[in-house]
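S.K.: here are the coordinates; sequence isn't available:
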């Protein structure tokens, strides 16, 4: 399928960029050690200008390329959150009719996300994947003083939303976006026209995301090449530890947290759900996109899990929009990892801010590959950590992105089953029938 082929090619290119960056960076580090101290390692001239090999590539090409890529990620934070969140909230077209269903769904999605980021933070604080990691150029970074938790809550509400957008105050933008979405959903025909405009704008923004993610292999190469040329070889062990920690927390959330919630709230056998999610999980892993997997997730909920379409048609698309537990886990671990790398001790209020920010940010995280890094930039800014720290993890993020998409779609179906059971819209005979099956491979049109 063209869609899957493109995702696979992009994944391969990112892995190649990461590998090439490591090799080139290590070679440049070797050249610097072999030919001289400081930047005077191997001198050459271009058009009458004199350069050192290390300075030309590391401080020049790699620094410029990597910085542009990071700035591109930051550039999308405000428009992506505002537009996608307005689209998601405004989809509640009839608040009176969908209020109960929407309240249950949103409440459960936010609860699972809060649990996910809390577990991730706890695991990262215990394991300390960034402890002992040193950066020669950036180790002196000092975080700004963080406001108290009470001020954080008060400052979530904007007095001037335009100013909030200009300053990149994402908590205020999220609150404003929710209010706009609710107002659109309650405005009848006028609201429908406005929502259509936001949906078209969202398509354009998603296209920009696609363009930037297509450039990701080159950005990864520049970031990793600079990283590999400036850190000690033993520091890569910390990055591997970060990868393993995120992966393990993702698996625990999928096979422990979701089954517990399903057993407690719906009295259903969670093993049935996990087994019937196999096909959906495989496509989610290969596509790295909750949105691309949406037709399969919906078909699985309807035909294999026995959820009535009146519920599934609402909760599954809503989940693809606002349920980003996997992304929240990555943000929690990555925030602690980057803080430890820069020698910053996160206070209790900052940790609570991470939980709140990551939970609310998941509502504005689009279900497409790579946007988790954009949301991570927002979380880092909220606790005054350098966005450039993303360079430490971006090279190995692609495989984690695939894994956390599996967690996200599993959460979508879990919440859908819980809500359906509470509404009397779940056929338990179908849910418990392990022989029930359906071809959930999308058509060419769906997967394109």
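M.R.: Done, it's in. Remember, predicted model here, so these are calculated numbers, not experimental data.

S.K.: Pretty sure residue 346 sits in a helix.
M.R.: No - counting by DSSP: H, G, I helix; E, B strand; the rest coil, residue 346 is not part of a helix but coil.

S.K.: Quick check: closest non-adjacent residue to it.
M.R.: Once flanking residues are discounted, residue 346 sits nearest to residue 339: 5.2 Å by C-beta to C-beta, 6 or more residues apart in numbering. The way it works is simple: take the backbone N, C-alpha and C, and place the C-beta from them, glycine included.

S.K.: Please name every helix or strand in contact with whichever strand or helix holds the one you found.
M.R.: Remark: residue 339 resides in helix 325-341, with elements defined by DSSP states H and E. Identification of packing neighbours for helix 325-341 by 3 or more C-beta pairs under 8 Å, 6 or more residues apart in numbering; DSSP states H and E yields helix 95-127, helix 236-252, helix 348-363, helix 371-382, helix 397-422.

S.K.: so which of the ones you listed comes closest to residue 290?
M.R.: With distances scored as C-beta to C-beta, the stretch of these nearest to residue 290 is helix 397-422 (5.0 Å).

S.K.: which is the next helix or strand following that closest one?
M.R.: Counting by DSSP H and E, what follows helix 397-422 is helix 428-432.

S.K.: which parts of that next one are buried?
M.R.: For helix 428-432, burial by neighbour count (16 or more other C-beta atoms under 10 Å) applies to residue 431.

S.K.: that older thread, relative to residue 219, which of the helices and strands packed on helix 325-341 is closest?
M.R.: helix 371-382 (10.2 Å).

S.K.: what's the angle from that closest one to helix 325-341?
M.R.: Helix 371-382 and helix 325-341 meet at an angle of 50 degrees, taking axes from the mean of the first three to the mean of the last three C-alpha atoms, to 10 degrees as the criterion.

S.K.: Quick one: mean pLDDT over helix 371-382.
M.R.: Across helix 371-382, pLDDT averages out at 75.

S.K.: How far does it sit from its chain's centre?
M.R.: 8 Å (C-alpha atoms, centre = their mean, to the nearest Å).

S.K.: Can you work out which other helices and strands pack against that helix?
M.R.: helix 63-90, helix 170-185, helix 325-341, helix 348-363, helix 397-422.

S.K.: Name the stretch among the ones you listed that sits most buried.
M.R.: Among those, ranked by average contacts under mean count of other C-beta atoms under 10 Å, first place goes to helix 325-341 (a mean of 29).

S.K.: Skipping its backbone neighbours, what lies nearest residue 351 in space?
M.R.: Residue 351 sits nearest to residue 121 (C-beta to C-beta, 6+ apart), 5.9 Å away.

S.K.: Does that neighbour touch residue 355 like I think?
M.R.: Yes - taking contacts as C-beta atoms under 8 Å, residue 121 lies within contact range of residue 355: 7.0 Å.

S.K.: Overlap in contacts, these two.
M.R.: Common neighbours of residue 121 and residue 355, using C-beta atoms under 8 Å, 6 or more residues apart in numbering, are residue 332.

S.K.: in what helix or strand does residue 195 lie?
M.R.: helix 188-214.

S.K.: Would you indicate which residues of that helix are buried?
M.R.: 191, 194, 195, 198, 201, 202, 205, 206, 209, 212, 213.

S.K.: quick one, that helix and helix 63-90 angle?
M.R.: 160 degrees.

S.K.: show me where pLDDT drops low in the stretch 301-448 of the chain?
M.R.: Low-confidence segments of the stretch 301-448 of the chain (pLDDT under 70): 361-372, 395-396, 398-399, 435-448.

S.K.: let me redo that: the stretch 151-300 of the chain
M.R.: 151-153, 170-171, 231-238, 283, 286-288, 291-292.

S.K.: Tell me the helices and strands packed up against the helix holding residue 195.
M.R.: On a contact count with 3+ C-beta pairs under 8 Å, 6+ apart, helix 188-214 meets helix 63-90, helix 170-185.

S.K.: do you know how far residue 121 is from residue 332?
M.R.: 5 Å (C-beta to C-beta, to the nearest Å).

S.K.: and for these two, which residues touch both?
M.R.: 354, 355.

S.K.: buried stuff in stretch 252-270?
M.R.: Judged by neighbour count (16+ other C-beta under 10 Å), stretch 252-270 contains these buried residues: 252-254, 257-259, 261-262, 265-266, 268-270.

S.K.: ok, and what's touching that stretch?
M.R.: 108, 112, 115-116, 119, 271, 273-274, 325-326, 329, 406-407, 410-411, 414, 417-418, 421-422, 426, 428, 431-432.

S.K.: got the contact list for the residue nearest to residue 351?
M.R.: Residue 121 neighbours (C-beta under 8 Å, 6+ apart): 332, 333, 335, 336, 351, 354, 355.

S.K.: Kindly provide the distance from the last one to residue 157.
M.R.: So that's residue 355. Computed as C-beta to C-beta, the residue 355 to residue 157 distance reads 19 Å.

S.K.: With the fifth one instead?
M.R.: With the distance defined as C-beta to C-beta, residue 351 ends up 22 Å from residue 157.

S.K.: One more: the fourth one?
M.R.: With distances defined as C-beta to C-beta, the gap from residue 336 to residue 157 amounts to 28 Å.

S.K.: Residue 246 too?
M.R.: Distance of residue 246 to residue 157, computed by C-beta to C-beta: 32 Å.

S.K.: between these two, which one's more packed in?
M.R.: A count of neighbours by other C-beta atoms under 10 Å puts residue 246 above the other of residue 246 and residue 157, at 29 against 12.

S.K.: residue contacts, the more buried one?
M.R.: 120, 329, 330, 333, 334, 400.

S.K.: just to revisit the earlier point, so the residue nearest to residue 346 makes contact with residue 385?
M.R.: Yes - under the criterion of C-beta under 8 Å, residue 339 makes contact with residue 385 at 5.8 Å.

S.K.: so can I have a markdown table of the helices and strands packed on helix 188-214 showing distance to residue 100?
M.R.: Output for these, formatted as a markdown table (distance: least, C-beta to C-beta, whole Å):
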| stretch | distance to residue 100 |
| --- | --- |
| helix 63-90 | 16 |
| helix 170-185 | 15 |
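
S.K.: now for the ones you listed, which one comes closest to residue 25?
M.R.: Residue 25 lies closest, by C-beta to C-beta, to one member of those: helix 63-90, at 11.3 Å.

S.K.: Good, wrapping up.
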